[in-house]
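need the 3D shape of this:
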Amino acid sequence: MKYALILLIAVFGSTGAIAQKPAKVKKIETCTLDVAGVCGDCKRRIEKAALVKGVKIATWDKKAQKLKVVYQTAKVNEQQIAEAVANAGHDAAGVAATDESYSSLPACCRYRDKSIEIH
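Here you go, the predicted model:
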């Protein structure tokens with residue numbers, strides 16, 4: 001019995017044929033979305049809103065008005081990320097924030113209401 005067990009371990013152990021699950025391949029994408037905002041408060045709000053399930057990193061650049069996102073394609077897509085940011089009050093990648101979500105922004109963050117210079 002011992003000999004058979006040793007033989008099985010030697011045969012299967014050396015070929016790697018013992019039941020091992022293959023590693024799941026997670027497809028990770030990076031995209032850049034146009035997102036309107038004004039200040040540091042906008043930055044925090046936009047980045048927080050973009051962190052939906054499946055998003056690993058979200059970084060908004062005020063000067064460029066761009067949100068860079070690293071995400072898992074199996075869990076979320078660009079449209080869903082843009083909708084989440086728009087729900088927080090910021091126009092994102094062609095998805096306009098609703099009047100209600102936009103009006104909930106602090107007055108200093110209302111990028112549509114005034115001609116502001118973005119530095």
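
how near is the closest residue to residue 47 other than its chain neighbours to residue 78?
Nearest residue to residue 47, sequence neighbours excluded (C-beta to C-beta, 6 or more residues apart in numbering): residue 58, at 4.7 Å. Any C-beta I mention is one placed from the backbone N, CA and C, and that applies to glycine too. Relative to residue 78, residue 58 is positioned 12 Å away (C-beta to C-beta, to the nearest Å).

right, and the helix or strand after the lowest-mean-pLDDT helix or strand in the chain?
Every helix and strand of the chain was ranked by mean pLDDT, DSSP states H and E. The lowest is helix 2-15, at a mean of 57. Toward the C-terminus, helix 2-15 is succeeded by strand 28-34 as the next helix or strand (DSSP states H and E).

partner strands of that next one, parallel or antiparallel?
strand 66-72 (antiparallel) (DSSP bridges).

gap between the spatially most central residue of the chain and residue 104?
The chain has residue 55 as the residue nearest its centroid, 2.6 Å off, counting by C-alpha atoms, centre = their mean. Distance, residue 55 to residue 104, by C-beta to C-beta: 22 Å.
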